[in-house]
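J.: pasting the sequence and the predicted model now:
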Amino acid sequence: MKRHLLSTADLSRDDAVLILDTAEEIARLSARPIKKLPTLRGRTVVNLFFEDSTRTRTSFEVAAKRLSADVINFSAKGSSVSKGESLKDTALTLEAMGADAVVVRHSASGAAYRLANAGWTTSHVVNAGDGTHEHPTQALLDAFTMRRHLGGLEGRRVTIVGDVLHSRVARSNVRLLATLGAQVTLVAPPTLLPVGIGGWPCEVSYDLDSVVPASDAIMMLRVQRERMSGGFFPTEREYSRRYGLDAQRMAKLPEKAIVMHPGPMVRGMEISADVADSVRSVIVEQVANGVSVRMAVLYLLLSGNQSAIGPDIAENDNTEKKGAGA
Amino acid sequence: MSTTYLIKNASVLGGEAADLLLRDGVIAEVGSVGSVRAEGAVEIDAAGLIALPGLVDLHTHLREPGREDAETVDTGTRAAALGGFTAVHAMANTDPVADTAGVVEQVWRLGREAGHCDVFPVGAVTVGLRGERLAELGAMADSAARVRVFSDDGKCVSDAALMRRALEYVKAFDGVVAQHAQEPRLTEGAQMNEGELSGVLGLAGWPAVAEEAIIARDILLAAHTESRLHICHVSTAGSVDLVRWAKSKGYPVTAEVTPHHLILTEDLVKNYDPIYKVNPPLRSAADVEALRAGLADGTIDAVATDHAPHPQEDKDCEWAAAAMGMLGLETALSVVQHTMVDSGLMDWAEVADRMSVRPALIGQVDDRHGRPLAAGEPANLVLVDPEAKRTVDRTALASLSQNTPYQGMELPGAVVATFLRGTATVLDGKLA
């Protein structure tokens, strides 16, 4: 694995599988009453969030804390493109404080890449969402969730619906799922698909109804209300009718298919409330899995020189089992 | 009394070698090698060097007044002289904007005081570059700065009626409107060329159609008003086709291309290093090829640098926060040699045509610049060593800023000497 996690394009199939397997291992340990592992004791993880994101920041914070790392939350909202403290100066500050890993969320595409490669810091960088570029840990937790429910990803049909143009989740998912052998279909009105999408490793459709019956998993992307004022589609009602997932459409899904959403949802827009709360919905589970996957990522990046799952976790696990048996 | 120079054995426009005598601001004599003698002249052995008329840049941002932290007229014209230029057109997007006779005269005067090359201020088309109403174009034309080129560069004159009026109005003093062709609604928040890569990188696209739509419209307006239109920094294959069509119709349209659009492609954006952030953006390899072909066949009249200095902090940041633009004056000729001459697309006479003769005509300074290298002509010329190689070192540039995209690149050719009205501004590759 590389030093940083900036894009799912950086992950080989082996890397991705290693992360998912590690997360699986960690998830098992997390089921125990004492969830904390000593693995990253003495290491410092900085959550550097230039954009509001309570759920992602909290998820990373819980992940780092369960690995016994020291966590610093550095909220730098508002200084993105305006002239506040620059990304560079923030990075230099964190470097001086001795951060081992920086988890960064930023409104500018490529901010995580710059942070990792501009020579401002020697920390490991984890991209927690950069502009409309990528959100790799979201894709990993999505893959983790799908793998659990679908028994693997090779040949599975994954449909991603919504604002692909502005979605970092879609970009990360398309690449990761392709690496893992899934067949991805993106569904959106043509206005919400990027130019040049023909080169992506996926299929594209404008017609949700034709794709739903051939989906093992369907992921609904959030559609921000401001897209309507931007003229990307005429009305919320029309969007919802053509591209929203309601009970009627959900009924056309294959029997075992799951419904996903990276959150936050706009109920009534891209997904109806009854679908979001249905038994097929794994949306809440995605959140829980996010912690395991982020633990795996932090663990593998920061203890990368050790063997995959690492003796300390494995030993700890054994100790625990022995202890329980005694 | 100025120094008299005898340039010996220079290849004139890359052709036959000759001796040139520069005295009292003019080329006093041109003769076969060894035939010219002059008492007390400083002799310059120009064997292996090519003599070209001093280069003329139609598109330079000197940043003064307002952004003296990025560049000043003095530092910018030093860079120009080192790049072989004897004249630059200083763009109007300063602070305050060059939209009054007062500001253009200030820039013109600063240029005269610096003395490294002639500075011809460009006047803003609209007040404050706001695209709302015409600036006092006539006052700028009549001022000491004698403005002939008008441009809101950095912003497009997007209102069709206003563009029409501007084109009509400048006919009164044989001016030209230089359009920054960028349809604003199609490029809101645009960060890079729109294509497959912008989709992958998650950067908002700047589609070719946003440039081409304005060019097409303005070509038709120029034809309708029978007024001169110049198109700044064309960057797409489609734009080249449109200009070619306009010329085939005999419309009064000219166009320029920047050196960076002749050599760099959008692939460089992959690492999100804002040193490659520029407007219009770097395009595809196919666009680069079309631009080279257009420059070679004369569809594109001129190479213009769009020299755009920015201080370090405006580039050493995340992509979206960075300023657009790159340095160009000190590397333009090398890039043109590399892309056009060494590739066999153009000869040195054509380089002189695209970098001196035609820009001087477009800027209406052809009484002084872009002249033949012949007896009696103003002694504005440059000596180039085409065999030299140099590695670009941003810290060694004369420009106050360091935002060159060619850092560490080896480029061919070096400016050995530049003469402005017979006075050396550069000698032995250094400022004289």
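T.: Noted; the coordinates are in hand. For clarity, every value in this text was computed on a predicted model and none was experimentally measured. Numbers count the residues shown, from 1 in each chain, chains lettered A, B, ... in the order given.
J.: for A:Thr44, what are its contacts?
T.: For A:Thr44, the contacting residues are A:69-72, A:97-101, by Cβ atoms under 8 Å, 6 or more residues apart in numbering or on different chains. (C-beta placed from N, C-alpha, C; glycine too.)
J.: the stretch 301-432 of chain B: helices as residue ranges?
T.: Secondary structure of the stretch 301-432 of chain B by DSSP state H, counting those that start in this stretch: the helices cover B:332-336, B:348-352, B:358-362.
J.: just checking, which of those helices sits deepest inside the structure?
T.: Of all the helices of the stretch 301-432 of chain B, helix B:332-336 has the most neighbours on average by mean count of other Cβ atoms under 10 Å in any protein chain shown, namely a mean of 26.
J.: ok, A:Pro213 - how many residues close by?
T.: A count of nearby residues for A:Pro213, using other Cβ atoms under 10 Å in any protein chain shown, gives 11.
J.: now do the same for the spatially most central residue of chain A: helix, strand or coil?
T.: By Cα atoms, centre = their mean, chain A has its centre lying nearest to A:Gln138, at 0.4 Å. Following DSSP: H, G, I helix; E, B strand; the rest coil, A:Gln138 is assigned to helix.
J.: name the residues that touch the helix or strand where B:Ala293 lies?
T.: Counting by DSSP states H and E, the element that carries B:Ala293 is helix B:285-296. With Cβ under 8 Å, 6+ apart as the test, helix B:285-296 has contacts from B:208, B:234-237, B:240-241, B:243-244, B:255, B:257, B:261-265, B:300, B:303, B:339-340, B:343, B:345-346, B:350, B:354.
J.: any idea how far A:Arg114 is from B:Ser401?
T.: Computed as Cβ to Cβ, to the nearest Å, the B:Ser401 to A:Arg114 distance reads 20 Å.
J.: who has more neighbours out of the two?
T.: Here B:Ser401 and A:Arg114 are compared on neighbour count by other Cβ under 10 Å; more neighbours surround A:Arg114, at 29 against 26.
J.: so that one belongs to a helix, correct?
T.: Yes. In this structure, A:Arg114 lies within a helix as judged by three-state DSSP.
J.: give me the pLDDT value at it.
T.: A:Arg114 carries a pLDDT value of 94.
J.: mind listing what it touches?
T.: A:87, A:120, B:272-273, B:317-319.
J.: recalculate using a threshold of 7 Å.
T.: A:87, B:272, B:318 (Cβ atoms under 7 Å, 6 or more residues apart in numbering or on different chains).
J.: do the same with A:Thr56
T.: A:105, A:128-129.
J.: just to be sure, it is in a helix?
T.: Yes. Assignment of A:Thr56 by three-state DSSP places it within a helix.
J.: from the chain's centre, how far out does stretch B:29-41 sit?
T.: Distance of stretch B:29-41 from the chain centroid (Cα atoms, centre = their mean, to the nearest Å) equals 33 Å.
J.: sorry, wrong one. I was asking about stretch A:148-156.
T.: 17 Å.
J.: contacts for it, please.
T.: With Cβ under 7 Å, 6+ apart as the test, stretch A:148-156 has contacts from A:143, A:146-147, A:177, A:180-183, A:216-217, A:258, A:282.
J.: mind checking which of the residues you listed land in helices?
T.: A:143, A:146-147, A:177 (DSSP state H).
J.: pick out the most distant pair among these.
T.: A:Arg147 and A:Leu177 (10.6 Å; Cβ to Cβ).
J.: of the two, who's got more company?
T.: Ranked by neighbour count (other Cβ under 10 Å), A:Arg147 and A:Leu177 place A:Leu177 first, with 26 against 21.
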